[in-house]
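K.L.:
No letters, just coordinates:
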């Protein structure tokens, strides 16, 4: 074939495109498991951060996570545990989940070094430039926030991106989700503003009003469906309540 002909050049270009595409596809598939594991480890670190557990090295993060997270749960809006399979909560894609008419409600149960039980609830919402998300750790009373961790996709450095700073996240510690027995998510408001429903509040980030409001709305939207579950924890059932519920779920799943 004449190498200077149009046919040869078209054929040559087609072969090269096919060859390069095949190589790139192979590389992508080969690296995908490692990429997925890196994403999972980053999520584990965020959850551990909400529990005030120092971020471990990548080689240790999975072991540390499994040391503290002792149970994965899915609950319903009535506060009942509907699933307790391994990683069932961890594997919920919150980006897709918040768009569903009937959301899954994942809970990660944790036991800290002092033996106390915490419950980690994921939240997902919108900031100024893109998605924001986080994890809220709640004490066994189902009311008091033990810790929080927030992250984002593209908020402005020095402004909205400051939701990742520990100083902002620590403002949520010891705040309450119930006021006079009614669910009231913690509000994030400009300094000097007051909530109208009695909810506890923290000051918004200076110069990041929209992102701060996004955090506030995200918590209210994502935590409200857990109201019944949190009330059951606060009623005095605590760990025994969840243990009995898990046993009930396991029994229901036994073959007849």
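P.N.:
Yep, it's here. Just so it is clear, the model here is predicted, and its values are computed rather than measured.

K.L.:
distance between the helix or strand encompassing residue 82 and the chain's centre?
P.N.:
According to DSSP states H and E, residue 82 maps onto strand 81-83. The chain centroid and the centroid of strand 81-83 are separated by 18 Å under CA atoms, centre = their mean, to the nearest Å.

K.L.:
repeat for stretch 220-227
P.N.:
The answer for stretch 220-227 is 13 Å, by CA atoms, centre = their mean.

K.L.:
same question, stretch 188-198
P.N.:
Between the centre of stretch 188-198 and the centre of its host chain there is 25 Å, according to CA atoms, centre = their mean.

K.L.:
cool, stretch 83-96 as well?
P.N.:
Averaging C-alpha positions (CA atoms, centre = their mean) puts stretch 83-96 10 Å from its chain's average.

K.L.:
Tell me the buried residues in that stretch?
P.N.:
83-84, 88-90, 92, 94 (16 or more other CB atoms under 10 Å). Where you see a C-beta, it was placed from the backbone N, CA and C, and this is true even at glycine.

K.L.:
Farthest-apart pair in those residues, please.
P.N.:
The distance between the two most remote of the buried residues of stretch 83-96 (CB to CB) is 19.1 Å, for 84 and 94.

K.L.:
hang on, the earlier thing: what pairs with the strand holding residue 82, parallel or antiparallel?
P.N.:
When pairing is defined by DSSP bridges, strand 81-83 lines up against strand 69-75 (antiparallel).

K.L.:
How about the partner strand, which residues are buried there?
P.N.:
With burial defined by 16+ other CB under 10 Å, the residues of strand 69-75 counted as buried are 69, 71-75.

K.L.:
how near is residue 158 to residue 224?
P.N.:
Plainly put, residue 158 is 31 Å away from residue 224 if you go by CB to CB, to the nearest Å.

K.L.:
Same drill for the two, tell me which one is more crowded.
P.N.:
Neighbour count, other CB atoms under 10 Å: between residue 158 and residue 224, residue 224 has more, with 13 against 10.

K.L.:
My guess is the more buried one contacts residue 182. True?
P.N.:
No. If you go by CB atoms under 8 Å, residue 224 and residue 182 don't touch, sitting 11.2 Å apart.
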